[in-house]
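*Asks:* quick one, structure for this:
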Amino acid sequence: MSKTIKYLIAYLMWAVDIALGFWTVLLFRQTLVAGLTAFYLNGGFQRKMIAQFWDRAGILGIGLAWLIFIIIVEEYLRVGVAKNVLARRIARTTGPMVLFIAALDLFLGISQGLLYIGLLRWIVIILELAVGGFITWFGFRRLPAKTPLTPHIAGVQ
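*Replies:* Coordinates of the predicted model:
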């Protein structure tokens, strides 16, 4: 495979990671609001202000983390092309993100009530966990050590 195609794949997967990161930011906000709702549901004005602060601070924090992630992943994938380890690096960036999305999805479902989660939502969460787990395993698995190719001659050790 030529370097041009590898770079094209790297930047295409970078765009996928950017999209997954944006989805994570949106899902994080939704999950944060669901979690904070329980906090200020029966509270007064002060609890509402505290919840509003954590909502805004959380969005600012996850937005900055997303921006840093975008910058770091671009270089990480680009260098992966040069070192010929692009597939592992794609798996190392995409897999944990899918697992984080699954965790946010699960927490959001739990905050809404386990009995109210539909079958399709459970299927999506299980698929996210399975796919994210497999991709992460692929990226972080140990590869067998490379042994030098030496001819084995019978009787000579």
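*Asks:* heading C-terminal from the helix or strand hosting residue 52, find the next helix or strand.
*Replies:* Using DSSP states H and E, residue 52 sits in helix 45-83. Sequence order places helix 86-112 as the next helix or strand after helix 45-83, per DSSP H and E.
*Asks:* for that next one, buried residues please.
*Replies:* Neighbour counts over helix 86-112 (16 or more other Cβ atoms under 10 Å) mark 86, 88-95, 97-109, 111 as buried. Using the backbone N, CA and C atoms, a C-beta is placed for each residue, glycine as well.
*Asks:* tell me the helices and strands packed up against it.
*Replies:* Under the contact criterion of 3 or more Cβ pairs under 8 Å, 6 or more residues apart in numbering; DSSP states H and E, helix 86-112 touches helix 3-40, helix 45-83, helix 119-140.
*Asks:* residue 98 and residue 104, how far apart?
*Replies:* Taking Cβ to Cβ, to the nearest Å as the measure, residue 98 falls 11 Å from residue 104.
*Asks:* what sits closest to the most centrally placed residue in the chain if chain neighbours are left out?
*Replies:* The geometric centre of the chain, computed from its C-alpha atoms, lies nearest to residue 97 (Cα atoms, centre = their mean), at 0.3 Å. Nearest residue to residue 97 in three dimensions, chain neighbours excluded: residue 20, at 4.9 Å (Cβ to Cβ, 6 or more residues apart in numbering).
*Asks:* re earlier: gap between the residue nearest to the centre of the chain and residue 50?
*Replies:* Counting by Cβ to Cβ, the gap between residue 97 and residue 50 amounts to 30 Å.
*Asks:* got it, and residue 137?
*Replies:* 40 Å.
*Asks:* tell me the SS of residue 142?
*Replies:* Secondary structure assignment for residue 142 (DSSP: H, G, I helix; E, B strand; the rest coil): coil.
*Asks:* what is the burial count for it?
*Replies:* Neighbour count for residue 142, taken as other Cβ atoms under 10 Å: 5.
*Asks:* from residue 108, how far off is it?
*Replies:* Applying Cβ to Cβ to residue 142 and residue 108 gives a distance of 34 Å.
*Asks:* same question, residue 121
*Replies:* 9 Å.
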